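Chemist: Generate a structure from the sequence data that follows.
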Amino acid sequence: MTLKIESLVLSDEKSYECKLQHGEAVSAEMKLTVNQYPREFYVEDTGDVPVDGEEASVARCVTKGAKPEPKMWFTDADGQEVSLDEVPVISQGDDGLFDKTITLKKTFTKQDNGKSYKCHVERADLTTNVTDMSAIQVHYASSVVLLNSVPEVWEEGESLQAACEAWGNPTPAVTWSFTPDAKTNVTLPAGDLLPSNFQTNGARIFSNRLAATAQGLTNNGTLTCTADNKIGSPASASFKIGVYAAPVTTVPTTTGMAPVQEARAGGPDGAVIGGVVAVAVFVLIVAVLLIARYFMSHKGTYRTKEMTMAEDEEKRGDLMADEDEEILAESGGRKKEFFL
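Modeler: From the prediction side, this is the model:
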């Protein structure tokens, strides 16, 4: 004997009895259980924005009208099950069906930014439904670095360029500001972040002509690049610059008037070249004078010695001639020889 029920419904879940009458009656009872796949299965966004280092509930995975209670879990982009900080919400209606919700609630870090998650639901037949979620956007504080090394000492009139790089989520706003050196006793006009001879273009700052301290304007101080996206504290990177006045040269006049001061227009390169040339000329002149003096002094000494030797030879010859005459006179004109 076979019991066959077509198009089972939940109301078919009951006990069924089979009786066999053959002399003595024999019966057997069976309990029929009817399962129900989830009638609804979806993932919804909570609207919460996770922040680095903070706990947040970013999504809910929901099943409705399931029997028995389904197993549900989240996995990350690596396929690992996520440990949740919130227990599931489960309810059972009069019809015996279960509604169940799990929430993706955890402490997020900026390393989780851009990762995607999946919700899994295991049905009564042990098959699994999977629903993908959109990538999670984790907000984290700004960071900033300088892109180039900037010298600290500059000459008036030179051009300066610098740039910084900032990152964060959301993308931070970048601003440049200037703090004058306290020794200059100069302050910026109210509302101004930079001296009038500086311009910015996003994360870049430049000045076509640096100025030393004069008439209420100075470029001696600290330039700061600040990045801020309203998450945590702003980040900044700074560097100092010192601008000195261009040196001047004095041009003498032949009219008896006061010397005229002319600013050197050649810049730092002209100053270096001019100094090198001047030193070279001076060294050359001194060398020529020393060499000339050396040769003159040695030439005079040689002549003096040469004349003295000639005079000595002449005197020695005269003396020998006188001695020969005396000897001849004493010997009656005969020359005597002596042997030792």
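Chemist: which non-adjacent residue is nearest Thr63?
Modeler: Of all residues beyond its chain neighbours, the one nearest Thr63 is Pro38 (4.1 Å), with distances taken as C-beta to C-beta, 6 or more residues apart in numbering. From N, CA and C alone the C-beta is placed, and that goes for glycine too.
Chemist: That neighbour reaches Pro68, doesn't it?
Modeler: No: applying C-beta atoms under 8 Å as the test, Pro38 and Pro68 come out as separate, 11.0 Å apart.
Chemist: between the two, who's got more neighbours?
Modeler: Pro38 (22 against 14; other C-beta atoms under 10 Å).
Chemist: ok, now how distant is the more buried one from Leu8?
Modeler: Remark: distance between Pro38 and Leu8 (C-beta to C-beta, to the nearest Å) = 17 Å.
Chemist: What residues does the residue nearest to Thr63 make contact with?
Modeler: Taking C-beta atoms under 8 Å, 6 or more residues apart in numbering, we find Pro38 in contact with 63-66, 70, 121, 123, 129.
Chemist: taking these one by one, which sit in strands?
Modeler: 63-66, 121, 129 (DSSP state E).
Chemist: From those, keep the buried residues only.
Modeler: Buried residues within the ones in strands among the contacts of Pro38, counting neighbours by 16 or more other C-beta atoms under 10 Å: 63-66, 121.
Chemist: Between all of the residues you listed, which two are separated the most?
Modeler: Farthest pair in these (C-beta to C-beta) is Gly65 and Val121. Separation: 12.3 Å.
Chemist: domains for this structure, by residue range?
Modeler: What the record gives for the chain is the domain set 40-132, 141-244, 263-340, from automatic domain parsing.
Chemist: can I get those in a markdown table with distance to Lys14 and mean pLDDT?
Modeler: Putting the domains of the chain into a markdown table (distance: least, C-beta to C-beta, whole Å; pLDDT from 0 to 100) gives the following:
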| stretch | distance to Lys14 | mean pLDDT |
| --- | --- | --- |
| domain 40-132 | 12 | 91 |
| domain 141-244 | 57 | 93 |
| domain 263-340 | 101 | 64 |
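Chemist: Give me the distance between the residue lying closest to Ser83 once chain neighbours are set aside and Cys225.
Modeler: With C-beta to C-beta, 6+ apart as the criterion, Ser83 has its nearest non-adjacent residue at 7.2 Å, and that residue is Lys106. Distance from Lys106 to Cys225, counting by C-beta to C-beta: 34 Å.
Chemist: Could you do Lys100 as well?
Modeler: According to C-beta to C-beta, Lys100 and Cys225 sit 51 Å apart.
Chemist: one step back: and the residue nearest to Ser83, what element?
Modeler: Element membership of Lys106, judged by DSSP states H and E, is strand 98-107.
Chemist: Show me what counts as buried in that strand.
Modeler: 98-106.
Chemist: Go ahead and name everything in contact with it.
Modeler: Under C-beta under 8 Å, 6+ apart, the answer for strand 98-107 is 46, 53-70, 72-74, 82-86, 88-93, 117, 119, 133.
Chemist: Which among the residues you listed count as buried?
Modeler: Looks like the contacts of strand 98-107 have 56-67, 70, 72-74, 117, 119, 133 buried, using 16+ other C-beta under 10 Å.
Chemist: what's near enough to touch the nearest residue to Cys164 once chain neighbours are set aside?
Modeler: Closest residue in space to Cys164, ignoring its immediate chain neighbours: Cys225 at 3.7 Å, by C-beta to C-beta, 6+ apart. Cys225 makes contacts with 144, 146, 162, 164, 166, 174-176, 203, 205, 236-238, as judged by C-beta under 8 Å, 6+ apart.
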